[in-house]
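In: coords please:
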Amino acid sequence: MSNWTREDMPELSGRTVVVTGANSGLGLEATRAFARKGAHVVMACRNVESAEDAREEIREEVPGASLTVEALDLADLDSVRAFAETAIDLGRIDVLCNNAGVMAIPRSETADGFETQFGVNHLGHFALTGLLLDSLRAAPDPRVVTQSSGIHTNGRIDFEDLHGTDDYDKWGAYAQSKLANLLFAYELDRRYDELTSVGCHPGYAATNLQRRGPEQEGSRLKLAAMAVANRIFAQSAEAGALPMLYAATAEDVEGGDYVGPGGLMNMRGAPETQRSSKRSYDEDTAERLWSVSEELTGVSYD
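Out: So this is what the prediction gives:
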């Protein structure tokens, strides 16, 4: 296990970083770290008001931090396209962090009729990356970092029922979406030599992500149990953001890498390069998922 910390990040002045879900949890901590190193960070968030509050919080800690807030709802492809149009003004994007997500929620659908976990965690980021491809290519050494989860090891891509209309299990749907994240990250790296695409996972980090499922279910008992588990077992969101920061900035990162905490059961600790599940490296599945994702989103990569 390495001893890498955010203090080991290189200077990022002159670089532009886009972080989805930058208003809380891992995204907020990553944004804070990028800003401290001089990057201009675009905080791409569904809740703009919350993002603006987070921006002011960071500015109090990092005077002169270069931060802009833009609306992005990954559950609505019209919003994804609108964000991509505003991003043209950036000229170039050096790093895209596909970080936002939902976890283990009751079945619902996005504005476009996708099962929400698959739609937000995978399809929204697939479309976003494709629409930002020209801006990424304009950078000298662009990186795309896609946040997965250790739970991807339980995932299978059910092409016959991608949206869980016949049989929905909230944890199974989450695992499928997180496996899709890695299949996409690796396939993106195989297809484009001019950019570096990396997958990562935070281990077990205490964020608001764990609250959404119990809240949507209206289960106070599950909410209380999750809060206790977070206090006892989880590392902080600041620590959980380290794999994403390492994947986005470390000089020894290579395309197709998978970065996660190297401590106990890969749930906590300093970041290191790891191996993901055997299924995540299945190129036939990745190519099929890519084709299906283009068809569903209407976003084609040239």
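
In: how many other residues sit next to Asp252?
Out: 9 (other CB atoms under 10 Å). Yep, even glycine has a C-beta here, placed from its N, CA and C like the rest.

In: how much space between it and Asp8?
Out: Distance of Asp252 to Asp8, computed by CB to CB, to the nearest Å: 11 Å.

In: Could you do Glu57 as well?
Out: Taking CB to CB, one finds Glu57 at 24 Å from Asp8.

In: try Thr86
Out: With CB to CB as the criterion, Thr86 and Asp8 are 32 Å apart.

In: quick one, what contacts Ala33?
Out: Residues in contact with Ala33, defined by CB atoms under 8 Å, 6 or more residues apart in numbering, are Arg6, Met9, Ala241, Leu245.

In: pretty sure the first one contacts Pro243?
Out: Looking back up the chat, that one is Arg6. No - the criterion here is CB atoms under 8 Å, and Arg6 misses it with Pro243 at 11.3 Å.

In: Name the residue in these two with the higher neighbour count.
Out: Of the pair Arg6 and Pro243, Pro243 is the one with more neighbours under other CB under 10 Å, namely 34 against 19.

In: so that one, which of the three states?
Out: Classification of Pro243 using DSSP: H, G, I helix; E, B strand; the rest coil returns helix.

In: Which strands or helices does the host helix or strand of Glu52 pack on?
Out: In this assignment (DSSP states H and E), Glu52 forms part of helix 48-61. Counting by 3 or more CB pairs under 8 Å, 6 or more residues apart in numbering; DSSP states H and E, the packing neighbours recorded for helix 48-61 are helix 25-36, strand 40-45, strand 66-71.

In: Of all those, which one comes closest to Ser236?
Out: helix 25-36 (8.2 Å; CB to CB).

In: Let me see the mean pLDDT of that closest one.
Out: What helix 25-36 shows for mean pLDDT is 98.

In: picking up where we left off before, format the helices and strands packed on helix 48-61 as CSV; extra columns: distance to Ser135.
Out: Shown next, in CSV, are the helices and strands packed on helix 48-61 (distance: least, CB to CB, whole Å):
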stretch, distance to Ser135
helix 25-36, 17
strand 40-45, 11
strand 66-71, 13
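
In: who wins for proximity to Ala173 among the ones you listed?
Out: Among those, helix 25-36 comes nearest to Ala173, with 20.2 Å by CB to CB.

In: Can you give me the buried ones in that closest one?
Out: For helix 25-36, a neighbour-count test (16 or more other CB atoms under 10 Å) marks Gly25, Leu26, Gly27, Leu28, Glu29, Ala30, Thr31, Arg32, Ala33, Phe34, Ala35, Arg36 as buried.

In: Stretch 78-90 now?
Out: Those would be Ser79, Val80, Phe83, Ala84, Ala87, Leu90, for stretch 78-90 by 16+ other CB under 10 Å.

In: what does stretch 56-76 give?
Out: Ile58, Val62, Ala65, Leu67, Thr68, Val69, Glu70, Leu72, Asp73, Leu74, Ala75, Asp76.

In: do stretch 106-119 as well
Out: Neighbour-count burial for stretch 106-119 [16+ other CB under 10 Å]: Thr110, Asp112, Phe114, Glu115, Thr116, Gln117, Phe118, Gly119.

In: Kindly indicate which of those lies nearest Gly203.
Out: Gln117 (19.8 Å).

In: Confirm that the closest one sits in a strand.
Out: No - under the criterion used here (three-state DSSP), Gln117 is helix, not part of a strand.
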